[in-house]
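Trainee: No sequence on hand, only this structure:
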């Protein structure tokens, strides 16, 4: 009797966990879809910043090499 009860509880917990994960995934996807524009804007600014930093490193490589010896 105890093993049957434990087995039933484990099965119910696993189904409940699967339902909770599926529900959480749907909410996360909905939230991400709502903020896609903002993420794209921030991603663009980050890429521009990285590009400018790379350009600065390329232009002033000798000065950076003197300041930060490797």
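Mentor: Perfect, thanks for sending it. None of these values were measured; they are calculated from a predicted model.

Trainee: Secondary structure element holding the most centrally placed residue in the chain?
Mentor: Centroid check for the chain by CA atoms, centre = their mean gives residue 32 as the closest residue, at 10.6 Å. Assigned by DSSP states H and E, residue 32 belongs to helix 2-34.

Trainee: Please tell me how far residue 58 sits from residue 64.
Mentor: Between residue 58 and residue 64 the distance is 10 Å, computed by CB to CB, to the nearest Å. Every residue, glycine included, has its C-beta placed from N, CA and C.

Trainee: what's the helix or strand for the closest residue to the residue nearest to the centre of the chain other than its chain neighbours?
Mentor: Nearest residue to residue 32 in three dimensions, chain neighbours excluded: residue 39, at 7.7 Å (CB to CB, 6 or more residues apart in numbering). Residue 39 is part of helix 36-59, with elements assigned from DSSP H and E.

Trainee: tell me which residues in that helix are buried?
Mentor: Across helix 36-59, burial judged by 16 or more other CB atoms under 10 Å covers no residue at all.

Trainee: Stretch 9-18 too?
Mentor: Of the residues in stretch 9-18, none count as buried by neighbour count, 16+ other CB under 10 Å.

Trainee: Can you spell out which helices and strands pack onto the helix holding residue 32?
Mentor: For helix 2-34, there is no helix or strand it packs on, judged by 3 or more CB pairs under 8 Å, 6 or more residues apart in numbering; DSSP states H and E.

Trainee: and it, how far out from the chain's middle?
Mentor: The chain centroid and the centroid of helix 2-34 are separated by 22 Å, computed with CA atoms, centre = their mean, to the nearest Å.

Trainee: Same question for stretch 46-60.
Mentor: Distance, centroid of stretch 46-60 to centroid of chain: 24 Å (CA atoms, centre = their mean).

Trainee: Let me know the average pLDDT across it.
Mentor: Across stretch 46-60, the average pLDDT comes to 94.
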